[in-house]
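1. I'll drop the sequence and a predicted model, then ask my questions.
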Amino acid sequence: MTAITPLVNSLTRRTLSTGWDVRAAAGPTEVGTQRVAAAVPGVIHLDLLSAGLIPDPYVDENESKLSWIGLVDWTYETVLDITPNELASSQRHELVFEGLDTVASVTVNGVLIADVANQHRSYRFDVTNLLSVGGNSLVVAFRSPVRHANAQSVALGTRPRPYPLPFDAIRKSACSFGWDWGIATFASGIWRPVHLDSWSAVRLDAVDVHASPHGDGGTVTVVARLARTDDIAATLAVTVAGCTEIVEIAADAREAHITVEIADVDRWWPAGYGEQPLYDVNIELAVGSSVLDQTSRRVGFRTLRWNTEPDATGTPFQLIVNDQPVFVKGVNWIPDDAFPSRVDAGRYRRRLQQAKDAHLNLIRVWGGGIYESEDFYDACDELGLLTWQDFLFACAAYSEDEPIRSEVEAEARENVRRLAHRASLALLTGNNENLWGYEDWGWKERLDGKSWGSYYYYELFPTIIDELAAHVPYAPGSPFSPGGQHPNAEEHGSMHLWEQWNRRDWPTYRDHTPRFVAEFGWQGPPTWTTLTEAIHDEPLTPESPGMIVHQKAVDGNVKLATGLVGHYRVPEDMETWHWAMQLNQANAVTCALEWFRSHAPHTTGAVVWQLNDCWPVTSWAAIDGGGREKPLLFAIKNAFAPRNVSIQPRGDRLFATLTNDTATEWNGDVVVRRRRFDGKLLAEQSWSVGVPARGNITVDVSVALGEPKNAGGEVLTVEGMATRAFWFFTEARDSALTDPGLSASVTRINETAFDVTITATALVRDLTLLIDKIHPSARVDAGLVTLLPNESVVFRVTGLSNLDADAVLRPEVARSGNQLVAK
Ligand code: BMA
């Protein structure tokens, strides 16, 4: 028993976001050593940019002109004023860094308190004995991440990776060294908030919360780990849905457990399956009647598992939420900005809402980026977007030696803890493509016995998850096959399909019936506005200097062109080239998604590479670096509509698949018609169909329709039940598409919204409004619409205050496949 009476005032948190400056301390600085005001959280590029010392890294050829920044040591400093009362009123003062990017020493009043080198974890340092009344100097001195990574790579032994710089030898976002869609920034900075926590007696150190439903009710368990300055008895109270449970904590206890039973809870469901009720779990640590520390978590009640029970055709990878199988309509996510500190809650919310509006239900956070922020996960919980977070390892072999080994363990523990309570969290995976790389990319010879990361994926991560969050599903990698099969085996687990983009054409997606596709995709340029805001080449061509800087894929432009020529000729003028490549991107992914979806439940999900971009670039993204929607997003939206019909070839026959991703049966009549492009009906047959809830039916539609007499001038439709699919008997380039003869009328809906009705006199393929060309912030709700002669479609255009029909009808705005064919 301690005799003294400890201070029992509550923890105060002071956020240290002001008064920082930064200067070059060593290295090839091109801005001298002047002090510049620094944003915290932030990174050096953004500080130099706001000081007017560098041009925008995203524009023209600035990327390479700014690469010196990554070779410089940057020192951040501030003065922390402490009042006598502040100093005296708490027993303990701790500096909390939520994130330092990346290699830094931290000094308080001239005393070195830490050397750190991991972007992916937070730090808490006891500075009680270093602070004094008045101004206290706080210095965070970053060292060049490029030089550090190079030195580490030599010290640890260099290992196989797809890009020249050793991103694998430093615990820093891999893509900050550049990627096949990413600018290399080599940023340094205090990229997440900094606080001073002052407290006495006892505080909450780590809190693990887990919500699980059973029957109509639910259980919330809370395990709180405590930090103490004093052995003092305390109480822990947990309140959720109006129910409170309290436990006594003995004076020497370091841990407390509470279970709250709730009689009635509403289940959390993924988007498209139900609502997303969330419950606040409020946790209070008190001594007597004084609350010393408190925190909260938002949880949802759902069960979630992946079925990997081998079946007749292999090993499924099937998501089951609340006992309901879920067809995964997914996208891969990369950092939404190469400087992630400037992505705020609103931007996360907008981006994820765009995903939800495209009927997506899962977001995979790719392992070459970051552990996403609380704002990201909050939005996913609220929107019903399931999340899948990779541990941060991508496309490379990683050392298992110190100092990397301990850093990996620390970051994994912290991030498992941080994310485990999330209703949206559906999966953690060990890495991106490393298991596959080890098998197929010649690593074994290169490594010659050196470690490559298998310890992390097969031992460390499962052990940590078992200890801290046993309810969270885990797979050692993406792709991964359970049962010791080749990691990218089509019949087992998850698969990445890259041959189509890299070497084969997109109709060959139909050569594959994977159990689950976790990555596949096709490149296309950003929207015209995003492209021309960033690239000012004169002339602007696919190969002009700025365009090349903003195309990072190996042989990217060659693959774009070879991937197009089977379908459309490569246009000569830039603006038509831009449309052709965007259209081909959309068509490639449409082909794949409709095919994969038609094979449900053999195939249980498709995750498109990739939703977003981190800067303006030609890439696989559906939403570009300016946040604008590319035609690909409409391809995803159409293919993933809750109810849809598509037509595919299987063998020498054509089949229509009706897919019903709703909870009610879908009944009606569908009519199959073969028509001439001018509309004349050549053959027709109808069926009454009943598509079960969450099910598919596939119908052979070749029956009785006969062979086309003029393949390039006929089209097959399957229509009815408020949906329609088209099948063309030849590639568009070989078809008789003509000028569609478009006319338009515009109706104002409100200050910033219009309905645009477009009518086509001739058959039009993939009619799409490149609406950003009318106004940079305009948006349209649909795209890639095919119309038969004399049909109309209504587009809702928002985000602009004036719109007239002539502007919409400009050929560079109202785009179609016809424009790429018709003379
Ligand atoms: C996959 C991804 C990324 C890459 C993409 C496109 O391998 O995991 O590494 O950007 O392909 O090449």
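-> Everything's here; your move. Quantities reported herein were computed from a predicted structural model and do not represent experimental measurements.
2. so which residue of the stretch 151-300 of the chain comes closest to the ligand?
-> Asp180 (4.6 Å; C-beta to the nearest ligand atom). Backbone N, C-alpha and C define where each C-beta goes, glycine included.
3. For burial, what's the neighbour tally of the residue of the stretch 1-150 of the chain found nearest the ligand?
-> Nearest residue of the stretch 1-150 of the chain to the ligand: Glu63, at 17.1 Å (C-beta to the nearest ligand atom). Look at Glu63: counted by other C-beta atoms under 10 Å, it has 19 neighbours.
4. Can you verify it is assigned to a strand?
-> No - counting by DSSP: H, G, I helix; E, B strand; the rest coil, Glu63 is not part of a strand but helix.
5. tell me the SS of the closest residue in space to it that isn't next to it in sequence?
-> Closest residue in space to Glu63, ignoring its immediate chain neighbours: Ile183 at 5.2 Å, by C-beta to C-beta, 6 or more residues apart in numbering. Counting by three-state DSSP, the backbone at Ile183 sits in strand.
6. Check whether Ile183 really touches Asp613, as I assumed.
-> No - contact criterion C-beta atoms under 8 Å: Ile183 and Asp613 do not qualify, at 10.1 Å.
7. neighbour-wise, which of the two wins?
-> Set Ile183 next to Asp613 and count neighbours by other C-beta under 10 Å: Asp613 wins out with 28 against 24.
8. From the ligand, how far out is that one?
-> To the ligand, Asp613 is 11 Å away according to C-beta to the nearest ligand atom, to the nearest Å.
9. In which helix or strand does that residue reside?
-> Using DSSP states H and E, Asp613 maps to neither a helix nor a strand.
10. contacting residues around it?
-> With contact taken as C-beta atoms under 8 Å, 6 or more residues apart in numbering, Asp613 is in contact with 181, 334, 526, 619, 621, 623-625.
11. Neighbour-wise, which one of the residues you listed leads?
-> The residue in the contacts of Asp613 with the most neighbours, by other C-beta under 10 Å, is Ser619 (31 neighbours).
12. quick one: that one from the ligand, how far?
-> From Ser619 across to the ligand, the span is 8 Å (C-beta to the nearest ligand atom).
13. Is that residue in contact with Asn612, as I believe?
-> No - Ser619 is beyond contact range of Asn612, at 9.4 Å (criterion: C-beta under 8 Å).
14. Hmm, Lys552 and the residue of the stretch 151-300 of the chain closest to the ligand touching each other?
-> Yes - in this structure Asp180 lies within contact range of Lys552 using C-beta under 8 Å: 4.9 Å.
15. More neighbours: which of the two?
-> When Asp180 and Lys552 are compared for neighbours, Lys552 comes out ahead with 20 against 17, by other C-beta under 10 Å.
16. Can you verify my assumption that the more buried one contacts Val617?
-> Yes - here Lys552 reaches Val617: they are 6.5 Å apart, a contact under C-beta under 8 Å.
17. contacting residues around Gly157?
-> Neighbouring residues of Gly157 by C-beta under 8 Å, 6+ apart: 399, 450.
18. At the contact with the ligand, which residues of the stretch 401-550 of the chain appear?
-> Neighbours of the ligand within the stretch 401-550 of the chain, by C-beta under 6 Å from any ligand atom: 432-433, 519.
19. Now with 5 Å, please.
-> Asn432 (C-beta under 5 Å from any ligand atom).
20. shaky segments in the stretch 401-550 of the chain?
-> Residues of the stretch 401-550 of the chain meeting the criterion pLDDT under 70: none.
21. mind listing the helices in the stretch 51-200 of the chain by residue range?
-> Using DSSP state H, counting those that start in this stretch, the helices assigned to the stretch 51-200 of the chain run over residues 62-65, 84-88, 145-156.
22. nope, the stretch 251-400 of the chain is what I meant
-> Under DSSP H, counting those that start in this stretch, the stretch 251-400 of the chain gives helices at 345-357, 374-383.
23. Comparing these, which comes out most buried?
-> The highest mean neighbour count among the helices of the stretch 251-400 of the chain, using mean count of other C-beta atoms under 10 Å, belongs to helix 374-383: a mean of 21.
24. Please work out the angle formed by the directions of it and helix 345-357.
-> If you take axes from the mean of the first three to the mean of the last three C-alpha atoms, to 10 degrees, helix 374-383 sits at 40 degrees to helix 345-357.
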